[in-house]
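A.B. asks: with the sequence up front, the predicted model follows.
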Amino acid sequence: MNTNWLRTLGVAAALTFTANAASAEELKVVTDPSFVPFEMMDQETGEMVGFDMDIIAEVAKRAGFDYDLQTMDFNGIIPALQTGNVDIAIAGITITKEREEIVDFSDPYYDSGLRILVRADNEDIKTLEDLEGKKIGTKIGSTSYDFLVSELDKDDGVTPYPGSSDMYMALMSRAIDAVFYDAPNVGYFAKTKGEGRVKTVGPLYEGQEYGIALKEGSEWVDDVNEALAAMKDDSTYAEIYKKWFGELPKEM
C-alpha cells in the first residue's frame, strides 16, 4: 500500500495548523487587579485569577485570539480603550448608556445585583417577602440597606454592619436570620469561608449587567458574543460561575 500521500496529507495538515496558530492575533487585554473574586492576584504564583480571568481565557480560545494581560486602576480602563492603548477590558464593568457612547460592549456576561444569604439549614427564607419581620444584616451606607428599608413593611429588624465579615459572623452565630448584600460578595463567601454553613437563595434584586468592553469599532465584538453564547449553551459558563459563586441564581 502506498502511504506517501497519507504522509504528505499529514504534513500539510500539521503545517496548516501551525500556520493558523502562529497567525492568531494578540490583543491587549486590561483588568483591575483588586475586584475580588472577579480578578485578583494569586500571591503564590503572581498570576491573575478569578471569575473574569476564566471567562476571558475561554472567550479568547473560542474567538481565536491570543492576549497580553495588563492591569491598571479601574478609573483608567475606559480612557485606555478610548485612546486605543488596549483592545479589550474585563473588570466587572457595568454596561451603561454613557459608556456605550464611547466603547463597544459584548452581550452581558454577568448579572449582578443584591442577593439573600441564609444558613445552610434554613428552608424558610427564599425570597424578599420571606424577610418580613426577620433579623437581617446588611452593610452600612450600602444600596442593599436602602433597598431593604424601602421594600419591607417591617424593617425594624434590619441591622447595618460596618463590614461584610461582621454580618457574616452574625449570621453564622445565629444573631440574625439572613444577610442581604451584593450578589458577588455573598456568593463568594458562600463558596469559600462559608461553604457548607451558608447558602445563597432567591433571585437577584436591583439588577445590573456586566459586559466585556472593547475599543469602539472593534472587529472582535461578534466573535466575543458568539463565544459567550456558546459557553452558555454548552454549560461551560455555568461551570465557571459555580467555581467562584456557587449555583446560578434563579430567574426573577
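C.D. replies: Noted; the coordinates are in hand.
A.B. asks: helices along the chain, start to end?
C.D. replies: 4-22, 51-63, 77-83, 97-100, 143-151, 164-172, 183-191, 221-233, 236-245 (DSSP state H).
A.B. asks: quick one, which of the ones you listed is packed in tightest?
C.D. replies: Mean neighbour count (mean count of other C-beta atoms under 10 Å) peaks for helix 183-191 among these, with a mean of 23. Using the backbone N, CA and C atoms, a C-beta is placed for each residue, glycine as well.
A.B. asks: tilt between it and helix 51-63?
C.D. replies: Between the axis of helix 183-191 and that of helix 51-63 there is an angle of 100 degrees, by axes from the mean of the first three to the mean of the last three C-alpha atoms, to 10 degrees.
A.B. asks: could I get the helices of the chain in a markdown table, plus columns for distance to Phe38?
C.D. replies: As requested, the helices of the chain are arranged in a markdown table below (distance: least, C-beta to C-beta, whole Å):
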| stretch | distance to Phe38 |
| --- | --- |
| helix 4-22 | 29 |
| helix 51-63 | 4 |
| helix 77-83 | 13 |
| helix 97-100 | 17 |
| helix 143-151 | 18 |
| helix 164-172 | 16 |
| helix 183-191 | 7 |
| helix 221-233 | 16 |
| helix 236-245 | 8 |
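A.B. asks: mind putting those helices in CSV, mean pLDDT included?
C.D. replies: Formatted as CSV, these follow (pLDDT from 0 to 100):
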stretch, mean pLDDT
helix 4-22, 47
helix 51-63, 98
helix 77-83, 96
helix 97-100, 93
helix 143-151, 89
helix 164-172, 93
helix 183-191, 91
helix 221-233, 98
helix 236-245, 94
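A.B. asks: which among the ones you listed is found nearest to Asp121?
C.D. replies: Between Asp121 and the helices of the chain, the shortest gap by C-beta to C-beta is with helix 164-172, which sits at 11.3 Å.
A.B. asks: circling back: closest to Met40 out of the helices of the chain?
C.D. replies: For Met40, the closest of the helices of the chain is helix 51-63, at 8.7 Å, according to C-beta to C-beta.
A.B. asks: does Thr246 touch Lys199 like I think?
C.D. replies: You called it Thr, but residue 246 is Gly. Yes: under the contact definition of C-beta atoms under 8 Å, Gly246 touches Lys199, with a separation of 7.3 Å.
A.B. asks: quick check: neighbours shared by those two?
C.D. replies: Shared contacts of Gly246 and Lys199 (C-beta atoms under 8 Å, 6 or more residues apart in numbering): Ala190.
A.B. asks: circling back: out of the helices of the chain, flag the one nearest Tyr205.
C.D. replies: For the helices of the chain, distance to Tyr205 was read as C-beta to C-beta. The smallest value, 6.6 Å, belongs to helix 143-151.
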